[in-house]
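Peer 1: need coordinates for the below:
(4 chains)
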Number of protein chains: 2
Amino acid sequence: MPGKVIPLLRRVPVATKARILDTAESLFMEHGFEATSLRAITTDANVNLAAVNYHFGSKEELFQSVLTRRLDPMNQQRLALLTQFEHASAPEPVGCERILTALFLPALDLARDRSRGGDNFLRLLGRAYADPAPFIRQFLSDQYAEMIARFKAAFGRALPWLPKKELSWRLHFIMGALSYTLAATDALKLIAELTPRQLNDDAALLRRLAPFLLAGLQSPLAEGLESAPEIVREPGRERARGRPRKR
Amino acid sequence: MPGKVIPLLRRVPVATKARILDTAESLFMEHGFEATSLRAITTDANVNLAAVNYHFGSKEELFQSVLTRRLDPMNQQRLALLTQFEHASAPEPVGCERILTALFLPALDLARDRSRGGDNFLRLLGRAYADPAPFIRQFLSDQYAEMIARFKAAFGRALPWLPKKELSWRLHFIMGALSYTLAATDALKLIAELTPRQLNDDAALLRRLAPFLLAGLQSPLAEGLESAPEIVREPGRERARGRPRKR
DNA sequence: CCAGAATTCAAACGAACGTTTAAACGATTG
DNA sequence: CAATCGTTTAAACGTTCGTTTGAATTCTGG
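Peer 2: Predicted coordinates:
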């Protein structure tokens, strides 16, 4: 085992590495981590099978590289934007809407940019969130830790009346809705009569999602669900209370 | 190929099938579909390796059986509850809150019932939503089609001022937040200082989620995100506009 | 221009996968 | 009891997987 090599600036290998990253991003997006083989990636990228292990070490490290390449700059943008807003509104705390904007805008920006993976990458990211593989969960936690902490603090200042615990919940819901919405755009076509173009337009999607989540975030504290009136256990059997249905 | 056999009521085989289902549910929950091998399932269930193919036909059909066993009754409960509410409030349309209750209560009921898989199953379901495998997506679409249509119509009557398209989006967000929240409860521990007990209590989770989504659902129509003030491309570099920060 | 490092390449490795097979088993039935 | 049918069993099948190897090749610095 000769150890990992740090390639200086050369011509060809850069192209190989980049081609692997692009192809891997596309295939991971389409089939998920487990179901995407290194052979499929290297074949599509027109590189040798061993190239992945040579340049990245392992399949897992390749996956992390695919994520980091886009995720790291995006989270940096989010933090920079939040900082910018904080300076602008100081000493007043930044409003919820602008915090949400700082969270969503970089994602929206990425979704629009085809040269940075466009919609595909965000979908891959959304799926990674729900992936059971421990190395993926650990990786995402590390990548997100700083950003989440900063945004949580900002929300806390914007919603001072909200208990810390409740804020945690709501932030959890926001990240969940964001991730899922990006990941599963084609799973629930049945919900919408949206045109296919609209369904794949993550930018429009994010613009719709933000006000929805803003309302939930700012909603007053409420008590829980009403208790069950009576759970009907037998499926299909419709109890004919009140006027019976004809036929 | 002697064709699939319909087992009449016998003693032992029922136990085998049930043991496979229970074990598969647990393992699929923990590692996902692809990463769970039939060998792991059959070993843990103390049955022969060939038992899965004998009783279910294939690994995919086993997975569908695992889902159907819980999902079908739950969706039937949802529909029955909605029907019940509709009868109770007729001729007035059912309010949003009660529709949401009809959607969440059966899930909450399932989460509480350890004998029906408890939290585990809902987490498995949430992950299935984001799974790229076509057979899973197709299966979920079929299973959910009727229920989604009924609930969408109900929401449409409760929110008559909302354009159909906007309603589709919001319903999409609701299902997304619900699925993701159930699936990824341990992925984002960093968001919350919730005790581990609370994190695994899907019932409490659903009770928190419902009011949050209700607020978003009922929110007035809004225009999109504010346009970008300026995306900062360089990470880390903080531009000192306005008063410069000390230090 | 040549020594040496970096990269590519074809081939193979061992392990794990889902599925199939054919025989053995065990309870039910005529 | 013998025949039968559903079930279980152990073994094997053919594939595919991620990774490793060692030689060939390409590029680079002195």
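Peer 1: following the helix ranked longest in chain A, which helix or strand comes up?
Peer 2: Secondary structure assigned by DSSP state H gives helix A:59-89 as the longest helix of chain A. Going down the chain from helix A:59-89, the next helix or strand is helix A:96-112, by DSSP states H and E.
Peer 1: can you list contacts of the helix or strand following that following helix?
Peer 2: Remark: after helix A:96-112, the chain's next helix or strand is helix A:118-130, criterion DSSP H and E. The contact list for helix A:118-130 (C-beta atoms under 8 Å, 6 or more residues apart in numbering or on different chains) reads A:25-26, A:28-29, A:32-33, A:66-67, A:70-71, A:107, A:110-112, A:117, A:136, A:140, A:178-185, A:200-202, B:126-127, B:129-130, B:132, B:180, B:183-184, B:187. Glycine gets a C-beta too; all of them are placed from N, C-alpha and C.
Peer 1: how deep is A:His137 tucked in, by neighbour count?
Peer 2: Careful, residue A:137 is Arg and not His. 19 (other C-beta atoms under 10 Å in any protein chain shown).
Peer 1: hmm, it is touching A:Asp131, no?
Peer 2: Yes - between A:Arg137 and A:Asp131 there is a contact under C-beta atoms under 8 Å: 7.3 Å.
Peer 1: quick one: low-confidence parts of chain A?
Peer 2: A:1-14, A:118-119, A:184-204, A:222-247 (pLDDT under 70).
Peer 1: run through the helices of it in chain order.
Peer 2: A:12-31, A:38-44, A:51-55, A:59-89, A:96-112, A:118-130, A:134-158, A:164-183, A:196-199, A:202-218.
Peer 1: export these as CSV, with columns for distance to B:Ala18.
Peer 2: Converted to CSV, those look like this (distance: least, C-beta to C-beta, whole Å):
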stretch, distance to B:Ala18
helix A:12-31, 32
helix A:38-44, 37
helix A:51-55, 43
helix A:59-89, 36
helix A:96-112, 44
helix A:118-130, 28
helix A:134-158, 29
helix A:164-183, 32
helix A:196-199, 40
helix A:202-218, 40
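Peer 1: of these, which is nearest B:Phe85?
Peer 2: For these, proximity to B:Phe85 was assessed by C-beta to C-beta; helix A:202-218 is nearest, at 22.5 Å.
Peer 1: run through who's touching the closest one.
Peer 2: A:96-97, A:100-101, A:104, A:107-108, A:111-112, A:118-119, A:122-123, A:155, A:159, A:170, A:173-174, A:177-178, A:181-182, A:185, A:198, B:166, B:169-170, B:173, B:211-219, B:222, B:224-225.
Peer 1: with just CA atoms, put it into CSV.
Peer 2: Written as CSV, here are the backbone C-alpha positions of helix A:202-218 (Å, rounded to 0.1, in the frame of the first residue of the first chain):
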residue,chain,number,x,y,z
ASP,A,202,-36.5,22.8,-8.3
ALA,A,203,-36.1,26.6,-8.4
ALA,A,204,-39.9,27.1,-8.6
LEU,A,205,-40.3,24.4,-6.0
LEU,A,206,-38.1,26.2,-3.5
ARG,A,207,-39.9,29.4,-4.1
ARG,A,208,-43.2,27.7,-3.2
LEU,A,209,-41.8,25.9,-0.2
ALA,A,210,-40.4,28.9,1.5
PRO,A,211,-43.6,30.8,2.3
PHE,A,212,-45.2,27.5,3.4
LEU,A,213,-42.5,26.8,5.9
LEU,A,214,-42.4,30.4,7.0
ALA,A,215,-46.0,30.2,8.1
GLY,A,216,-45.4,27.1,10.1
LEU,A,217,-42.2,28.6,11.7
GLN,A,218,-44.0,31.7,12.9
